[in-house]
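> Could you work out the structure for the sequence below:
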Amino acid sequence: YTAYALVRAAQPGALRRAVEVAELGRARGLGETLARDRADLALIERDHPDIYERYRATAETVRFLERADRAAEAQQAQPEAAHFTELAARIRAARAELDKAIDAIRALAGYEGFLLPPAYAEITAAAQPGVPLVYLITTPQGSMALIVPYGAAEPEALLLNGFTEDDLNALLIERANDEVVGGYLPGQFLGGAALAAALERGLPRLGAALIAPLAARLRALAATGVTLIPTGLLSLLPLHAATYPVNGQPCCLLDEFDVAYAPSARVLATAQRELQRRSNGALRLAGVGNPTGDLRYAGTELASICDLLPRNASAPLYEQAATRDALWENLPGATIAHFACHGQFDADDTLDSALLLAQESRLTLRELVAGDTAVLAHVRLAVLSACQTAITDFRRLPDESIGLPGGFLQAGVPAVVGSLWSINDLSTALLMHRFYELHLTGDLNAGLGPQPPARALRLAQVWLRDLTYSAMFDYLERHRQLRATQRLPANGGATATARIPFDFIATGRAIAEEGMLDDPSHRPYASPIYWAAFTFNGALAGG
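Okay, the predicted model is just below:
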């Protein structure tokens, strides 16, 4: 709200200060929860091990005490006053020791800004040529887009006063006579018709009120992409799919721009540095496919993706073999990590959100941000082709950006694909195959070479949205390897399975052909429920 008030006040220097305040608001949630666990400390650990160890130990103490405090709150415990006072005193003392450890790091040459909120010059450096940063803020009085173009001496502000916090809350949860009757949040968890209806009503509202004016300004800036930093509950929404008219036709940001999301400019800057550092090295994919055994196409999704890679460039784990321990053994040296599995968001404790693996094992956000992240040291791209992986904490602001994609970013992975709701696994399998095809090989028929991940995802989403029955079968004819029956590696006794499109045709061709004959131009996946869930998070690559 402070950033919005600064812009409305229109004082000299207010725009720069508003950007710094907006970034500070983002950094506070991330910094307090995650930065202590995964700062850029590799060089300090190497060159100043004593200082690094002091920081690590004090951060761990604070983390332990804060977990104990949260656990007591979650259990609604009523500790004796003496116990409460003792715990509070220990937390204060531990924070004081952590502050001293941070001061010791800041005393080192080159680390003077360690964990300090970034100034405007640092924020604008996180933008890229043609790809501005955009902070989106909604308040009780109205909304605002703070636009930070690359190298700009001054940011810009779009005041969008037709959309208030009340409008956002009404879009998220629809009530009638104090009863919840719909909205995006119930639809996000219920899926199906409830979600489809919420998206049908909500996306045009978002488009008209927020995204259309932003898109117009991005066009005027000749932008090719945008990195969105949504604040508060806006971070729950598929802003890239919000619709608005262009030349009389419905449009969304994905039709015009490469779209990335970032929790903050500081996290984005770290992701950009990591992308440069990890840009070399032979391609290698580590992944899991259908570890819980109940996703019909998840295993074949992973198998068809591995077919696009060079021989011996993948280490897939299927069904019962896809345990957490086996995955952890496969990840070192991998440049891509693909998870075709269930995800689970924990609203009570965000750090317990997890990817569900075989034999009841899990990979949690807590492990990502606080565990041994060396296994992810070469991963350039993590694809969470799973349910609920990009849902963020909507109960406790400002922690709303700490979901599984944020955890992978904080663990050092520079680019992460996640999903905002549970997805139909057949449409997901088709989208994922197209995404990897565009990313790894391109599309000669369309005159495209290999595409950066964000653009490949964008093009795959638009492709799936616009895919007709006729075009689907043409695509399968051009990719006949997808139609060949092939047994998956029988890891852990996994059942042999046909390829995705072959299975689709073999079991449902009569229905599909009937629909195709009735209307070959029908688009079975036009609804945003199938394609809009996927988000790209982190550093946009060039190209």
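
> ok, and the helix or strand in this structure with the lowest average confidence?
Within the chain, no helix or strand scores below helix 500-518, which has a mean of 48 by mean pLDDT, DSSP states H and E.

> What is the very next helix or strand once past it packed up against?
Beyond helix 500-518 in the direction of the C-terminus, DSSP states H and E gives the next helix or strand as helix 528-531. Secondary-structure packing of helix 528-531 (3 or more CB pairs under 8 Å, 6 or more residues apart in numbering; DSSP states H and E): helix 192-206, helix 425-440, helix 453-466. Backbone N, C-alpha and C define where each C-beta goes, glycine included.

> how about the following helix or strand past helix 528-531 as CSV, C-alpha atoms only?
Where DSSP H and E defines the elements, the next helix or strand beyond helix 528-531 is strand 534-538. C-alpha atoms of strand 534-538 as CSV (Å, rounded to 0.1, in the frame of the first residue of the first chain):
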residue,chain,number,x,y,z
PHE,A,534,1.3,-23.4,-16.5
THR,A,535,3.6,-20.6,-15.5
PHE,A,536,7.2,-19.9,-16.3
ASN,A,537,9.2,-18.6,-13.2
GLY,A,538,12.7,-17.1,-13.2
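
> From the rest of the structure, what touches strand 534-538?
238, 240, 259-262, 268, 271, 275, 390, 405-406, 408-409, 413-420, 431, 453-454, 457-458, 461 (CB atoms under 8 Å, 6 or more residues apart in numbering).

> Format the helices and strands packed on helix 528-531 as a markdown table; extra columns: mean pLDDT.
Formatted as a markdown table, the helices and strands packed on helix 528-531 follow (pLDDT from 0 to 100):
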| stretch | mean pLDDT |
| --- | --- |
| helix 192-206 | 94 |
| helix 425-440 | 88 |
| helix 453-466 | 97 |
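
> For those, could you give me TSV that also reports mean neighbour count?
Putting these into TSV (neighbours: other CB atoms under 10 Å) gives the following:
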stretch	mean neighbour count
helix 192-206	18
helix 425-440	24
helix 453-466	23
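
> Format those helices as JSON lines; extra columns: distance to A298.
Output for the helices and strands packed on helix 528-531, formatted as JSON lines (distance: least, CB to CB, whole Å):
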{"stretch": "helix 192-206", "distance to A298": "19"}
{"stretch": "helix 425-440", "distance to A298": "6"}
{"stretch": "helix 453-466", "distance to A298": "17"}
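
> Show me what the helix or strand hosting L254 is in contact with.
In this assignment (DSSP H and E), L254 forms part of helix 253-256. Applying CB under 8 Å, 6+ apart, the contact partners of helix 253-256 are 211, 215, 218-219, 226, 239-242, 246, 259, 458, 461-462.

> Where is pLDDT lowest across those residues?
pLDDT is lowest at V246 among these; the value there is 94.

> contacts for the helix or strand just after the helix holding L254?
With elements assigned by DSSP H and E, the helix or strand that comes after helix 253-256 is strand 258-261. Under the contact criterion CB under 8 Å, 6+ apart, strand 258-261 has outside partners 131, 224-230, 235, 239-240, 253, 405, 452, 454-455, 458, 535-540.

> Check stretch 165-183 too.
Applying CB under 8 Å, 6+ apart, the contact partners of stretch 165-183 are 138-140, 184-186, 194, 197-198, 201-202, 205-206, 209, 233-234, 236, 394.

> Show the average pLDDT along it.
For stretch 165-183, the mean per-residue pLDDT is 90.

> Any idea how far apart the tips of it sit?
15 Å (CA to CA, to the nearest Å).

> Mind jotting down where the helices sit in the stretch 251-400 of the chain?
Taking DSSP state H, counting those that start in this stretch as the criterion, the stretch 251-400 of the chain contains helices spanning 253-256, 265-277, 298-307, 324-330, 365-370.

> Quick check: A198 touching F189?
No - between A198 and F189 no contact is recorded; they are 10.9 Å apart, counting by CB atoms under 8 Å.

> Using CSV, list the CA coordinates for stretch 14-27.
This file holds the C-alpha atoms of stretch 14-27, laid out as CSV (Å, rounded to 0.1, in the frame of the first residue of the first chain):
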residue,chain,number,x,y,z
ALA,A,14,8.4,9.1,-5.6
LEU,A,15,8.4,6.6,-8.4
ARG,A,16,11.9,5.3,-7.6
ARG,A,17,11.0,5.1,-4.0
ALA,A,18,7.8,3.3,-4.8
VAL,A,19,9.7,0.6,-6.7
GLU,A,20,12.2,0.2,-3.8
VAL,A,21,9.3,-0.1,-1.3
ALA,A,22,7.5,-2.7,-3.6
GLU,A,23,10.7,-4.7,-3.8
LEU,A,24,11.2,-4.4,0.0
GLY,A,25,7.8,-5.8,0.5
ARG,A,26,8.6,-8.8,-1.7
ALA,A,27,12.0,-9.3,-0.1
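
> Centre of the chain to it, how far?
Computed by CA atoms, centre = their mean, to the nearest Å, the chain-centroid distance of stretch 14-27 equals 22 Å.

> in that stretch, what counts as buried?
For stretch 14-27, burial by neighbour count (16 or more other CB atoms under 10 Å) applies to 14-23, 25-27.

> ok, residues contacting it?
Applying CB under 8 Å, 6+ apart, the external contacts of stretch 14-27 come out as 2-4, 6-7, 35, 117-120, 123, 135, 137, 146, 148, 154-157, 229, 231, 263-266, 398, 401.

> mind listing what P149 touches?
P149 touches T124, A127, P132, P155, E156, L221, counting by CB under 8 Å, 6+ apart.

> same check, this time on A532
If you count contacts by CB under 8 Å, 6+ apart, A532 has them with L199, L203, P238, H240, A241, L420, Q461.

> What distance do you get for it to T231?
Distance of A532 to T231, given as CB to CB, to the nearest Å: 20 Å.

> now do Q249
Noted for Q249: a distance of 30 Å to T231, by CB to CB.

> Same drill for the two, tell me which one is more crowded.
T231 (24 against 7; other CB atoms under 10 Å).

> For that one, report the pLDDT, please.
Note on T231: pLDDT of 90.

> can you check A220 too?
Listed pLDDT for A220 reads 97.

> what kind of secondary structure is L87 in?
Look at L87: counting by DSSP: H, G, I helix; E, B strand; the rest coil, its state is helix.

> ok, the spatially closest residue to Q359 that is not a sequence neighbour - contacts?
Closest residue to Q359 apart from its sequence neighbours, by CB to CB, 6 or more residues apart in numbering: T323 at 5.3 Å. Taking CB under 8 Å, 6+ apart, we find T323 in contact with P291, L317, L357, A358, Q359, S361.

> and if we set it to 7 Å?
With contact taken as CB atoms under 7 Å, 6 or more residues apart in numbering, T323 is in contact with L357, A358, Q359, S361.

> mind listing what's buried in stretch 331-339?
Within stretch 331-339, the residues that count as buried by 16+ other CB under 10 Å are L331, A334, T335, I336, A337, H338, F339.

> Test my guess that the second one contacts A286.
Yes - with contact defined as CB atoms under 7 Å, A334 and A286 form a contacting pair (3.8 Å).

> remind me which residues of the stretch 201-350 of the chain are low pLDDT?
347-350 (pLDDT under 70).

> now do 80
Scanning the stretch 201-350 of the chain with the threshold set as pLDDT under 80 gives 296-297, 344-350.

> how deep is E360 tucked in, by neighbour count?
Other residues close to E360 by other CB under 10 Å number 10.

> ok, now which ones touch it?
With contact set as CB under 7 Å, 6+ apart, E360 has no partners.

> what about it, distance to A326?
Using CB to CB, one gets 14 Å for the distance from E360 to A326.

> likewise Q276?
Distance of Q276 to A326, computed by CB to CB: 31 Å.
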